[in-house]
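**Q** The amino acid sequence is not available; the structure is as follows:
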């Protein structure tokens, strides 16, 4: 299952990872998952991106059902400081984000 991260760009310490850490990583996950899945994919996405998710699902010939709207608490990370390699969230306050719990159904191409 995909957690609701990846809607904003962030930096990494190595050049090889930069390509994977751009905004929209959740769409990379979903695209890869649909290639592996036979029937369904369950995923969390920020509610504010629902229209975009519907558009992508249509483009990829998937049926979409929002099963629930939830509050998802994630550690609130500080912006990366130049002298720090990574941000830590062990004692960070939580930030509540509204997310959609979505079921994507892989449509059979014969049904089109």
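**A** Thanks, I have the structure now. Note that this is a predicted model, so its numbers are computed, not measured.
**Q** contacts, neighbours, all on C-alpha from now
**A** Will do.
**Q** From residue 53, how far off is residue 69?
**A** Residue 69 sits 14 Å away from residue 53, going by CA to CA, to the nearest Å.
**Q** Looking at these two, which is more packed in?
**A** residue 53 (19 against 15; other CA atoms under 10 Å).
**Q** quick one: the more buried one and residue 76, what's the gap?
**A** In terms of CA to CA, residue 53 sits 24 Å off from residue 76.
**Q** Mind listing what's buried along the longest helix that the chain contains?
**A** The residue-count maximum for a helix in the chain (DSSP state H) belongs to helix 25-36. By 16 or more other CA atoms under 10 Å, the buried positions in helix 25-36 come out as 25-27, 30, 33-34.
**Q** Just the closest of those to residue 44, please.
**A** Proximity of those to residue 44, judged by CA to CA, is greatest for residue 26, which lies at 9.0 Å.
**Q** Tell me the pLDDT of that closest one.
**A** As predicted, residue 26 sits at a pLDDT of 82.
**Q** What of residue 85?
**A** 53.
**Q** And the closest residue to residue 100 other than its chain neighbours, how far from residue 52?
**A** The shortest distance from residue 100 to any non-neighbouring residue, by CA to CA, 6 or more residues apart in numbering, is to residue 69 (4.6 Å). For residue 69, the distance to residue 52 equals 16 Å [CA to CA].
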